[in-house]
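Asker: When you get a sec, could you give me coordinates for this:
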Amino acid sequence: MGRVVVVNFLSIDGVIQAPLSPDEDRDGGFAHGGWVPPLSDETVDAFMQRATVGAAGLLLGRRSYEILRDAWAQADDSEPAIAAMNRMPKYVVSSTTSLADLTWQGSHLVGGDLPRAVTDLTGRTDGDVVVLGAGTLVRALAEHDLVDEYRLLLFPVVLGSGKRMFDERAHLARFTLTESIVTPRGVVIVTYVRDATD
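Answerer: This next block holds a predicted model:
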């Protein structure tokens with residue numbers, strides 16, 4: 001049986017919006033896009049590569065899907081993480097996207113009842129179904145108590161504004177810290193696994 005694993009970059013003040021580039025997501029007038037690359041290093045890159053290469057599939061919101069597709073679908077497959085993303089199944093949660101819009105190899109549309117769809121997906125998947133980015137999707141998964149593990153990369157920056165990872169819809173859920181890494185540039189990488197007693 002598969003697990004839902006959320007992998008996300010976040011600032012000290014919990015912002016996840018537009019981590020990789022200035023034009024990634026300007027919603028709400030967000031002007032601080034691209035806050036991850038100046039603080040990233042080999043440790044962050046290696047962690048992200050392990051998370052991607054080790055995934056059985058990706059679970060993405062429409063916007064994250066489009067960003068990743070545009071960046072990686074035609075990229076050089078000699079990089080293990082790129083080859084893995086291009087090869088693995090990608091499940092796109094969207095009510096506004098059609099199957100015809102999913103042009104990246106191995107893409108599948110997930111619609112309808114999210115809890116049922118995710119439960120069905122993890123029931124037929126052997127391994128981790130990794131969620132990258134996808135703030136709206138992460139909040140919906142937390143609302144329905146569907147996350148088995150969080151792998152969070154906390155960057156030493158306060159952004160002051162922007163979309164947050166959680167909102168008031170998240171349910172009480174307890175997790176156990178299973179790994180923590182501090183990079184030379186001060187990024188704290190933590191892995192929290194759902195507490196079996198919860």
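Asker: can you give me the helices in this protein?
Answerer: Using DSSP state H, the helices of the chain run over 42-53, 62-72, 80-87, 114-123, 135-143.
Asker: Pull the distance from the fourth one to the chain's centre.
Answerer: Okay, so that is helix 114-123. 17 Å (CA atoms, centre = their mean, to the nearest Å).
Asker: Just the C-alphas of it, formatted as CSV.
Answerer: Taking Å, rounded to 0.1, in the frame of the first residue of the first chain, the C-alpha atoms of helix 114-123 are listed here in CSV:
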residue,chain,number,x,y,z
LEU,A,114,-10.6,13.7,-3.3
PRO,A,115,-10.5,11.4,-0.2
ARG,A,116,-11.8,8.5,-2.2
ALA,A,117,-9.5,9.2,-5.2
VAL,A,118,-6.4,9.4,-3.0
THR,A,119,-7.4,6.3,-1.0
ASP,A,120,-7.9,4.4,-4.2
LEU,A,121,-4.6,5.6,-5.6
THR,A,122,-2.6,4.7,-2.5
GLY,A,123,-4.4,1.3,-2.3
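Asker: tilt between it and helix 135-143?
Answerer: 90 degrees (axes from the mean of the first three to the mean of the last three CA atoms, to 10 degrees).
Asker: Show me what counts as buried in helix 114-123.
Answerer: 114, 117-118, 121-122 (16 or more other CB atoms under 10 Å). Yep, even glycine has a C-beta here, placed from its N, CA and C like the rest.
Asker: show me the contacts for the residue nearest the centre of the chain.
Answerer: For the chain, the residue nearest the mean C-alpha position is Leu132 (1.7 Å; CA atoms, centre = their mean). By CB atoms under 8 Å, 6 or more residues apart in numbering, the residues touching Leu132 are 7-8, 52, 58, 60, 64, 68.
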